[in-house]
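A.B. asks: Just a sequence and a predicted model for now, questions to come.
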Amino acid sequence: MNRYSIFSLLRNSVNYHQDWQRAWRSPDPKREYDVVIVGGGGHGLATAYYLAKECGISNVAVIEKGWIGGGNTGRNTTIVRSNYLYDESAGIYEHALKLWENLSQDLNYNVMFSPRGLLHLAHNVHDMQEIGRRGNAIRLNGIDSQFLTPAQVKEMVPFINLECRYPVMGALLQPRGGTARHDAVAWGYARAADAMGVDIIQNCEVQGFKIENNTVTGVETSRGSISAKKVGCVVAGHCSVLADMAGFRLPIESVPLQALVSEPIKPILDCVVMSGSVHAYISQSDKGELVIGAGSDLYNSYSQRGSFDVIEATVGPVVELYPIFSRMKMLRQWGGIVDVTVDRSPILTKTPVNNMFFNCGWGTGGFKATPGSGNVFAHSIARGDMHPIAEPFSMYRFISGALIDEGAAAAVAH
Amino acid sequence: MLLIECPWCGLRDQTEFHCHGEAHITRPLDPDSLSDEEWGSYVFFRNNPKGLHYERWEHSHGCRRWFNAARDTVTDHVYATYKPGVAKPEIES
Amino acid sequence: MSQDYRRDKGGQLNRSKTLRFWYDNKGYEGYQGDTLASALLANGVHLVGRSFKYHRPRGIYSAGSEEPNALVQLESGAHTEPNRRATEVELYEGLSASSQNCWPSVGFDIGAINSKISRLLPAGFYYKTFMWPGALWTTYEKFIRKAAGLGKSPTEIDPDSYDKIHAHCDVLIVGAGPAGLQAALHAGRSGARVMLIDEKPMFGGSLLADSALIDGAPADQWVTKVINELKQMREVTRLTRTTVTGYYDYNFVVANERVNEHLGPNRKAGGPKERLWKIRARQVVLATGAIERPLVFADSDRPGIMLAHALRTYVNHYGVLPGNRIVLITNNDSAYHSALDAHAAGAMVEVIDVRRNPSGSLLDTAREQGIHIHENSTISAVDYRRGKLRGIEVMQLSDDGKAVRGVPSDLRCDLVAVSGGWTPTVHLFSQGKGKLKFLDDEHCYVPGERAVNNKGFEAGSCKATWSLPECLKEGAIAGASAASAAGFESTATEDASGTEESVYGPARALWILPTDHPVGRGPKKHFHELHNDSTVADIALAAREGFVSIEHLKRYTTTGMGTDQGKTSNLNALTVMSEIRDVPIPEVGTTTFRPPFTPLSFGSIVGHDRRELFVQKRKTAIHPWHDRNNAVYEDVGDWKRPYYFPQHGESMHDAVQRECLAARASAGIVDASTLGKIDIQGPDARRLLNMVYTNAWSKLAPGRCRYGLMLNEHGMVFDDGVTTCLAENHFHMTTTTGGAARVMGWLEEWLQTEWPQWQVYCTSVTEQWAVASITGPNAGKLLSTLCDQPLDDESFPFMSMQSFNVAGIPARVFRISFTGDLTFEINVPARYGLALWEALMKAGRQYDICPYGTEAMHILRAEKGFIIVGQDTDGTVTPLDLGMDWIVSKTKGDFLGRRSFTRSDTTRSDRKQLVGLLTEDPSFVLPEGVHVVEKLKDKPPMTMLGHVTSSYMSPNVGRSIAMALLKDGFNRKGSTLEVSLMDGSSHKVTVTDPVFLKSGSE
Amino acid sequence: MTNTTAKDLPRTSSCYARSAIEGTNSLREMDLNGKLNIRGDASEQKFVDGMSQVLEMDLPISANSVNERGSQRLYCLGPDEWFLHCNLKSTDSLAQNLREKLAGVHCAVTEVSDYYTVLRLSGPDAEGLLRRGTPLDLHHGVFKHDHTAQTRFGHASILLHKLAEGEAWDIQVRWTYAEYLWDYLVSAMRSL
Ligand SMILES: Cc1cc2nc3c(=O)[nH]c(=O)nc-3n(C[C@H](O)[C@H](O)[C@H](O)COP(=O)(O)OP(=O)(O)OC[C@H]3O[C@@H](n4cnc5c(N)ncnc54)[C@H](O)[C@@H]3O)c2cc1C
Ligand SMILES: NC(=O)c1ccc[n+]([C@@H]2O[C@H](COP(=O)([O-])OP(=O)(O)OC[C@H]3O[C@@H](n4cnc5c(N)ncnc54)[C@H](O)[C@@H]3O)[C@@H](O)[C@H]2O)c1
Ligand SMILES: Cc1cc2nc3c(=O)[nH]c(=O)nc-3n(C[C@H](O)[C@H](O)[C@H](O)COP(=O)(O)O)c2cc1C
Ligand SMILES: [Zn+2]
């Protein structure tokens, strides 16, 4: 692997960049792998990377039906934070955040992780209670969190309308929260995994599983049959489709979630601001667009787009909270297919089929977990048993009742 | 933006409706006789198919009646809507 | 300044109306009918901005919404808007605009240093560097951020208003060029409801720049005739200055009308700046035309280089000849129209044709006019110095067109026009989920199969129909067919037939033109994408590095991601990639077309839903009194509820303490109107209650009330309230304020989908009733002054309801209590709410009646250990966790959520349970949300046992009180734990029962 | 004992505090009238007969249709739901009569006079103004005189009734949304 640095950039510029290697190979699938990962999103690629790097398993294929990063990894609003309420959630998201902090160096790929600070606004008494509870829990889990007064919010975001329909009463700040460059995460993991021997196979759709004695032995794909000792499915919005192929169901529904960007402008918003009650999630990318998370349509869909009224219901709150943006323009809107669980927590799990593992249910907020999720999932697959951080997220919690109900408790997305 | 035919009010804009997920899930008559798996499956587990989906809609800004729809989750095409209690129509997709 | 480049005649301008405007603080003049771009060109200004990445000087490239370059900051202050395309901004008196992305000026821009080090900044360079040392990234990032972006966001509040409207039609026609006009005419004649929409200020499309004859007369005369006929049709709506921005499912189309922005910020007319149309059409005819495709040659991004059709538009439509010595470079015939028109307008014109031995009638005409044609040639260099295009170098092409031969010759010129043929405008078709197909002969994508729900037709050059007579014919057929499909009788007629046909020879499939060094390996740059500064070399690099998927290519090079979304560049990017990969273009694929077609203002999307109309404020019937009495409000859902009533500058704390004391000392009154209320009737009403509540309802007698908890099927509490039996089969249910709609929905869901045969009806009556709740030891005495009803325990026991007149108003009075003291909840029809309240206040004067708000209400209930669903519960709490086993019937059989109790996690004995907490220091009030730990450690992480859900200073208990959800809480009663505070300190607490006030009558 | 009589009391909606808008287009809140929500089974003859006898009119039986007699209007809202507008004073007695007449029939009569209020919008632009908030097709060829529909206006659910004559519409709305609706229509008038 060419190492990336300012020096290699200088060296290559002499030759008009003719000598750069492929970031990852484009191999034909082998007949057999130790582990097949289905789904080349951030989570799947990270899983492969950590399998090779930390678990000594590099005979791994990542099988992607389209282009890597083309699922939700490539269409999310890039918010990264770890300030979740429950210990289990704090465990996995903080594990991820710690990995984010050195990810560019680890991968030798600049994923532009930008801990620029992340604000959750509280707009009513209930919100204040919610951030009070969460902020305190986060702190006791050893994670940074601060309460801000409206005046302090104003200092960070001078043009905010504190006196909006639901006045800003306070906020929860996670200084280490921020954003990362979504595409780079997929590419960086792919490149680093590839360098350790992982085969990344694009344009290859898994269409079925080979299952003998209730044990998975491989996958059937649009490019033929591939054997595998173990299979990890990390296909986000498509997890129910894969589960169906394996003969079981998941407590998941796939719904459209939209986002939009404005035209690029010079820097004006230097932190991430989220509001549940005035439903606005906004940050500004390094390229200059305002990146705005929209809501989801509450019907199942695999169409990768949603309704226009969701866009209206997204831009309304943005203008209410930030009236100066009224003359800004939407440049592009798009949608993703998010895999939503009832308790708004992910599923990392063994399944009714031996040697088959699922990592899904990240719904509207799994980008931030990418490194942590890939890491513990890799270890779980390697051990054949769930990593302690992943353990509570088993699909069987929906049978025992041990939900990790971030949804009910906090009702904040992303 | 769907156009949905309320069985009572006719074709209406999607924004008059709410979707309430998968249809034809019957509540077990005797929950006590169910294992935890069976109960969990009834409460939480869903088909979530890619393609034809039978689902419940409510004409919330109209007659406030619930009804069922057969819709393709890939094209978002609504094949049919029908009153509750009616058997699911066979759809060739 | 004079308009040196203005032609003496021609153009659809109002030359009698001179408009003054400012660009970069310099004054200019133009005419009414100009765009900012045409007026600048009339004044010889080409350089209008700096590019995104390399800060290269850029000029006006097109004459329409596809403009990638000429983006300006329009106006300043509250009216400012970034990234406006000068080619679309209509000129008005006093217009002021400035260039973007440059400092100190567009002519001399420090950022242009990027251009000097451009070799270091290939596509994706930032992924490869800025990683060392890790800690410095945030510093690097600041510089990167500053360098990126284009214009500036407004920083003042938008003074304009925006409108939004729904529309329905039988046939919607997008685009009013020859095809669209014909379609409108034919659909309109059938009597169908037609909408004709075009983004330009006037109808006519490409005819506005055309010198063609239709039916023997100049095209604009035909346009006028058609518009006049359309004006006569009552069912035809015509919208100019309106861009169709999105095509969604089921022919739902969004269009943005710029209502009066062309009048400038100081519009006299008033009215909205923009209007958003949300259209449902039965049939959608797309007649969106085509966009000219550029040729890419060395440094073809320089100011003074523009699309050939733009040149024609400026000459014919705007009466501007933007250069005197013009070189036109083309790979096709159609560009010769531009050469001829420019020539006719007085320019010296030469043509560089990349084809070998091109021929055809247009070329013959050109030659006849003395226009020199350099065959099989290209531009190998551009001479742009000191802000001006000065000339070019011409070289011969090799046979395969991939290299240049011979020696360059210089050609002096001040304008270069380019044409690489045309790309059909298929954006909307594709947004509407239509499948595109690639036409090999025409080298472009055209509409293929439509999505099943988006019915309609396409016509004209948006499907690669280039000849005018054909466009006219297709338009007629599309309009007539759409009308028929919508149920109207219609056939296409042969009018507008006598139109002269231009015959076009084949184009040469060559778009990336070589220079004297290999493309991408030398000082000259080939920009296929002007907006984001993406070069052919970038594509090659991306391919080399494995970003071969077109979607990867886009994201790696950012090609097509600018404000123009690659309207002029996308097909060239595909072509380059297809050559590199050596696969046909369809195999390369396209990126996804997404709305909006052109950027859509937030203001327009929001429309009326701003400020007071953002979310309705719901107020109770008693609100006017609250307003008069200084209430501070709390937002609960969309309701405004009095939070407390401060007197004479009291603090919130003081007011609330006073209210709490007064309520228990004598009498308090609270507005409880917002509680949800549902009227339930029918023989199966009890059955329903038995299913939705945890306790038993079979025996509740008429006139009696009972408290109930509602669970979801997970077994978790989601609402509570008191339900009263009004008559044997008739109940009045109350819900929490926030839960009203949810509970109503819950009941309807079960009744309509699971138990339709049950005989029971539910009707929401929340706003039917205004509710004043009086509480305190004197509540009864007070009430008795307003009614003739005996109120003693015997005649009106606790948990019962009676109907009688209060203050002469027919009322339902409930003796129930949320304070633990004697309480009467008086419900009257909402129209009497205020009168009731006023009567109670008047009668209560002798008892020092004290109105209190929600905060005091919360304290009063907490003193008695009553829960608030949503505060002391959070969707993970069962009735057993609340210590409310008494409310869970063991005998009545099944109810919703019951089965979930016996799952392994729900039966754990160490679940979080609701307890009371007493602080060691009675004057210390725990912040809500703090967590309880066994023992504070000196640093996190620490094991949390639970959190404080409610916490107050209780004046009646005389100390602080709190409730908490605590792991294994019931077993911990009596023990001492610690609460960890945000500042790192801790406070000792004792776990107790959550009932703090033992006194109180109910 | 203080006694307040019903008739001199203010009415519910906060719009009453506003004076009607008169001009090319006018908007006002109607005086409070009586309203009954009636649920029942249209396939049950006793119900149908009882209803028509008490109300002295035919029961409209398809959703979004209306019958009128004197000051009484009976809207059919859905398969088992009707809405009666009547004289405020006769509400009680009508409700009483219905309950008596329909005794033994499974049905529900609920007074909701105060739950809703009615705004009347009229004028040449009335349809255009309504289109600012409702997604329904209100074109005269589709939504005819004396048509009714339950639909949406902005965030509010409404019952829309195009009166038998002229460009006039009655909009029934939960009264706590009336102010919002009013303000919205005023905002719409400004953008004509
Ligand atoms: C609009 C939007 C905004 C969001 N905002 C945020 C945010 O701000 N912060 C945050 O943390 N999260 C956010 N999320 C969620 C986040 O994007 C996802 O949780 C996360 O990216 C999931 O990553 P993944 O790798 O699991 O899935 P994906 O990236 O979706 O990858 C799954 C891959 O599996 C492939 N696949 C599917 N089926 C098959 C098959 N049969 N064979 C082979 N391959 C298959 C797919 O093509 C896809 O590439 C957002 C999501 C959306 C849609
Ligand atoms: N000689 C050639 O090769 C060649 C090539 C292209 C076009 N033409 C000529 O151009 C004409 C094509 O006629 P036509 O009617 O198909 O197209 P047109 O270009 O005349 O009209 C299209 C219209 O659609 C409008 N439009 C496009 N997208 C829109 C949107 N999203 N919202 C609102 N308006 C939108 C444009 O403003 C334009 O006015 C013919 O005269 C044809 O001969 C010739
Ligand atoms: C964080 C982020 C920033 C984006 N910025 C831009 C942008 O500046 N310009 C643009 O055209 N699209 C931008 N996009 C949207 C993508 O073009 C694209 O719509 C998205 O990745 C979904 O893919 P699809 O539209 O091809 O389905 C951005 C997407 C994300 C996730
Ligand atoms: Zn309906």
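C.D. replies: It's in. Ligands and ions are numbered 1, 2, ... in the order given.

A.B. asks: From here on, just use CA atoms for contacts and neighbour counts.
C.D. replies: OK.

A.B. asks: List the residues that contact C:Pro596.
C.D. replies: Contact analysis of C:Pro596 by C-alpha atoms under 8 Å, 6 or more residues apart in numbering or on different chains lists A:330-333, C:245-246.

A.B. asks: tell me which of the residues you listed is nearest to chain B?
C.D. replies: Comparing the contacts of C:Pro596 against chain B with C-alpha to the nearest C-alpha places C:Gly246 closest, at 11.2 Å.

A.B. asks: does any part of the helix or strand hosting that closest one sit near chain B?
C.D. replies: Here C:Gly246, judged by DSSP states H and E, is contained in strand C:242-248. Yes. If you take C-alpha under 8 Å from any C-alpha of the partner chain as the test, strand C:242-248 does meet chain B, through C:Tyr248.

A.B. asks: ok, then the element right after that strand?
C.D. replies: Using DSSP H and E, the helix or strand that follows strand C:242-248 towards the C-terminus is strand C:252-258.

A.B. asks: Any chance you could list what contacts that following strand?
C.D. replies: By C-alpha under 8 Å, 6+ apart, strand C:252-258 touches B:1, C:239-247, C:273-281, C:600, C:604.

A.B. asks: CA atoms only for that strand, dumped as CSV, please.
C.D. replies: What follows is strand C:252-258, C-alpha atoms only, in CSV (Å, rounded to 0.1, in the frame of the first residue of the first chain):
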residue,chain,number,x,y,z
PHE,C,252,-46.8,15.2,-7.8
VAL,C,253,-44.8,18.1,-9.0
VAL,C,254,-43.3,21.0,-7.2
ALA,C,255,-42.7,24.2,-8.9
ASN,C,256,-41.2,27.5,-7.7
GLU,C,257,-42.6,30.7,-9.0
ARG,C,258,-40.5,33.8,-8.6
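
A.B. asks: List the neighbouring strands of it plus their orientation.
C.D. replies: strand C:242-248 (antiparallel), strand C:274-286 (antiparallel) (DSSP bridges).

A.B. asks: Report pLDDT for the residue nearest to C:Gly177 when sequence neighbours are not counted.
C.D. replies: Closest residue in space to C:Gly177, ignoring its immediate chain neighbours: C:Gly205 at 3.8 Å, by C-alpha to C-alpha, 6 or more residues apart in numbering or on different chains. On pLDDT, C:Gly205 comes in at 96.

A.B. asks: Show me the helices in chain B, by range?
C.D. replies: Taking DSSP state H as the criterion, chain B contains helices spanning B:36-44.

A.B. asks: Please identify the residues of it in proximity to chain D?
C.D. replies: Counting by C-alpha under 8 Å from any C-alpha, chain B comes close to chain D at B:8-9, B:12-13, B:16, B:61-63, B:65.

A.B. asks: Any chance of CSV for those, columns distance to C:Leu711?
C.D. replies: CSV is the format used below for those (distance: C-alpha to C-alpha, whole Å):
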residue, distance to C:Leu711
B:Trp8, 31
B:Cys9, 32
B:Arg12, 33
B:Asp13, 33
B:Glu16, 28
B:His61, 26
B:Gly62, 28
B:Cys63, 27
B:Arg65, 23
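
A.B. asks: Next step: the residues you listed restricted to strands.
C.D. replies: Mapping these onto strands (DSSP state E) picks out B:12-13.

A.B. asks: Please list all residues in contact with residue 407.
C.D. replies: No chain was given, so I picked chain A. Contact analysis of A:Gly407 by C-alpha under 8 Å, 6+ apart lists A:342-345.

A.B. asks: Sorry, I should have been clearer: chain C.
C.D. replies: Under the criterion of C-alpha under 8 Å, 6+ apart, the neighbours of C:Val407 are C:Met395.

A.B. asks: Relative to ligand 1, how far out is the nearest residue to C:Met953 once chain neighbours are set aside?
C.D. replies: Spatially, and ignoring its direct neighbours in sequence, C:Met953 is nearest to C:Ser960 (4.2 Å; C-alpha to C-alpha, 6+ apart). From C:Ser960 across to ligand 1, the span is 40 Å (C-alpha to the nearest ligand atom, to the nearest Å).

A.B. asks: Kindly report the same for C:Arg898.
C.D. replies: 33 Å.

A.B. asks: Check C:Ala86 too.
C.D. replies: 32 Å.

A.B. asks: Would you agree that residue is in contact with C:Ala39?
C.D. replies: No. Using C-alpha atoms under 8 Å, C:Ala86 is not in contact with C:Ala39, being 9.5 Å away.

A.B. asks: and those two? which has more neighbours close in?
C.D. replies: Neighbours per residue, other C-alpha atoms under 10 Å in any protein chain shown: of C:Ala86 and C:Ala39, the larger number sits with C:Ala39, 31 against 28.

A.B. asks: any idea which element that one lies in?
C.D. replies: Taking DSSP H and E as the definition, one finds C:Ala39 inside helix C:36-42.

A.B. asks: Can you list the buried residues in that helix?
C.D. replies: Along helix C:36-42, these residues count as buried under the neighbour rule (16 or more other C-alpha atoms under 10 Å in any protein chain shown): C:36-42.

A.B. asks: OK, contacts around C:Ser76?
C.D. replies: C:96-97.

A.B. asks: Would you list the phi and psi of it?
C.D. replies: C:Ser76 adopts backbone torsions of phi -140, psi 180, taken as degrees, to the nearest 10.

A.B. asks: What separation is there between it and C:Ser161?
C.D. replies: For C:Ser76, the distance to C:Ser161 equals 18 Å [C-alpha to C-alpha, to the nearest Å].

A.B. asks: same check, this time on A:Leu119
C.D. replies: According to C-alpha to C-alpha, A:Leu119 and C:Ser161 sit 30 Å apart.

A.B. asks: So which of the two has more stuff around it?
C.D. replies: Just comparing A:Leu119 and C:Ser161: by other C-alpha under 10 Å the higher neighbour count belongs to A:Leu119, 26 against 21.
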